[in-house]
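Trainee: Sharing a sequence plus its predicted fold:
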Amino acid sequence: MLHISIITIFPDIFNDFFKHGIIREALAQSLCKVDIHNLRDFTSDKHKKVDDRPYGGGAGMVFMPQPLDDAINHIRSKTARGQVMPKTILLTPKGQTLTQNLLYRMLEFENMILVCGRYEGVDQRVIDLDIDMEISIGDYVLSGGEVPAMVVMDGLIRLLPGAVGKKESVEQESFQTNLLDYPQYTRPPVFRGLKVPEVLLSGNHQEIKAWRNIQSINLTRNRRPDLFDKKS
């Protein structure tokens, strides 16, 4: 079973995330377990302070090392005998970019801690001491690591056997083969003058498969040539 622990200063952000769709079903079926830890519970400061001004000056604040180090080691100390020690992952713009292949590799961890950064970042000493991997969900900056943590969890959990109703739904998605997904159509056959491609109504599964493959190739070549180069 996949076990994910989250460290955040805004635990309530995740409340609704766990109540819907594939995530809710996976938790209900005990395909995975998720624990939320409030970083402020681990500070020694009576005001629950977890950040301070950066040495050397500059704008913003930085997570202090003590609360985060204590939180990580508290979670590690709860690892059951025989269970794999968790990999500790920091969500940060400086990390390696999240891809479908990386999600598959992360599934092998079985047990992980997702650290949601905030402000200007995390004291480097915690990264040096405690962080196994740094992950970014793209080349842009967000207010914190909570949304990236949700992205990572959504991507991971839907890959768990039994999480998605049809295994083929996962196997045929975009990025599985470095190709974007083909266009999809449903009823009615004509909408505002636009018709569903005849091949999809033909019932000829071999021709449908060939059409979809061509569409995926053309879409990838035009929109994501970087992926197309990998495919080639």
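Mentor: In hand now; what should we look at? Numbering: from 1, shown residues only.
Trainee: In contact with the most centrally placed residue in the chain, which residues?
Mentor: Centroid-nearest residue in the chain: V152, 0.9 Å away (criterion: Cα atoms, centre = their mean). Shown in contact with V152 (Cβ atoms under 8 Å, 6 or more residues apart in numbering): 89, 91, 98, 103, 106, 114, 135, 137. In this view, the C-beta of every residue, glycine as well, is placed from N, C-alpha and C.
Trainee: what do you get for H37?
Mentor: 5-8, 11, 71, 74-75.
Trainee: Roughly how far does the closest residue to I9 other than its chain neighbours sit from V50?
Mentor: Computed as Cβ to Cβ, 6 or more residues apart in numbering, the closest residue to I9 that is not its neighbour in sequence is L39, at 5.0 Å. Using Cβ to Cβ, to the nearest Å, L39 is found at 5 Å from V50.
Trainee: Now the common contact residues for the two.
Mentor: 9, 63, 67-68.
Trainee: Could you pick out the longest strand of the protein?
Mentor: The residue-count maximum for a strand in the chain (DSSP state E) belongs to strand 87-97.
Trainee: Give me the angle between the helix or strand following it and strand 87-97.
Mentor: Using DSSP states H and E, the next helix or strand after strand 87-97 towards the C-terminus is helix 100-107. Going by axes from the mean of the first three to the mean of the last three Cα atoms, to 10 degrees, helix 100-107 is angled at 170 degrees with respect to strand 87-97.
Trainee: before we move on, the earlier item: show the model's pLDDT score for the residue nearest to I9.
Mentor: On pLDDT, L39 comes in at 98.
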